[in-house]
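Novice: Here is my input, please return the structure:
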Amino acid sequence: MPEDELRRDTILGQNTAEDISQQPSNRKSMPLIAGILLIISGIIAILFWISIITMDMSTVESLIDVSQLQQINPAITPEQIKEMLTLCGAIGTIIAVFPILGGVLSFKRKLWGMTLVGGILGLLTMGPFFASSILALVGIVLIAISRKEFQ
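Specialist: Modelled structure (predicted):
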């Protein structure tokens, strides 16, 4: 295409085939959006599980009715419940790191399988009102759709 015609098309606002191929598409931004969602999911989950770990005994006793649990197992104590919540919080915090890793890999568009695994582990993170699991699910869908964008 001669330069005069290209300038005329540009001035008139007409897109040529070259201009259209250079415009970013929504498809290329899917891994970026998925990465953002996975990182937010991981951060929410980490904050949630850290708040569970740092709960004191009075909070545990006010949230959980120990007398009902003692009907099932008379030997259970509030301290054991606190230890169980601390253990669950530690495991949840470790698992919540994987969606963040998946989000970073999604930004870089590398290792599609590991990114998908990070999103799947993000489903297990729960968070308040399952918010981080829902964000991870949306991230997984976007990652699965944009597989061709990864190296």
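
Novice: only C-alpha atoms for contact and neighbour calcs from this point on.
Specialist: Will do.

Novice: ok, the closest residue to Ile36 other than its chain neighbours to Ala136 distance?
Specialist: Take Ile36 and drop its neighbours on the chain: the residue closest to it by C-alpha to C-alpha, 6 or more residues apart in numbering is Gly103, 6.3 Å away. Using C-alpha to C-alpha, to the nearest Å, Gly103 is found at 10 Å from Ala136.

Novice: and if you look at Glu79?
Specialist: 33 Å.

Novice: which one of these two has more residues nearby?
Specialist: Set Glu79 next to Ala136 and count neighbours by other C-alpha atoms under 10 Å: Ala136 wins out with 34 against 12.

Novice: Out of the helices and strands in the chain, which is least certain?
Specialist: helix 17-22 (a mean of 52; mean pLDDT, DSSP states H and E).

Novice: Which secondary structure element is home to the residue nearest the centre of the chain?
Specialist: With distances taken as C-alpha atoms, centre = their mean, the residue of the chain nearest its centroid is Leu38 (2.2 Å). Taking DSSP states H and E as the criterion, Leu38 maps to helix 26-53.

Novice: what packs against that helix?
Specialist: helix 78-108, helix 112-123, helix 131-145 (3 or more C-alpha pairs under 8 Å, 6 or more residues apart in numbering; DSSP states H and E).

Novice: Mind putting those helices into TSV with distance to Ile44 and mean pLDDT?
Specialist: Formatted as TSV, the helices and strands packed on helix 26-53 follow (distance: least, C-alpha to C-alpha, whole Å; pLDDT from 0 to 100):
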stretch	distance to Ile44	mean pLDDT
helix 78-108	9	94
helix 112-123	11	93
helix 131-145	6	94
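
Novice: how much space between Ser58 and Ile81?
Specialist: 12 Å.

Novice: Equivalent analysis for Ala45, please.
Specialist: Counting by C-alpha to C-alpha - Ala45 and Ile81 are separated by 21 Å.
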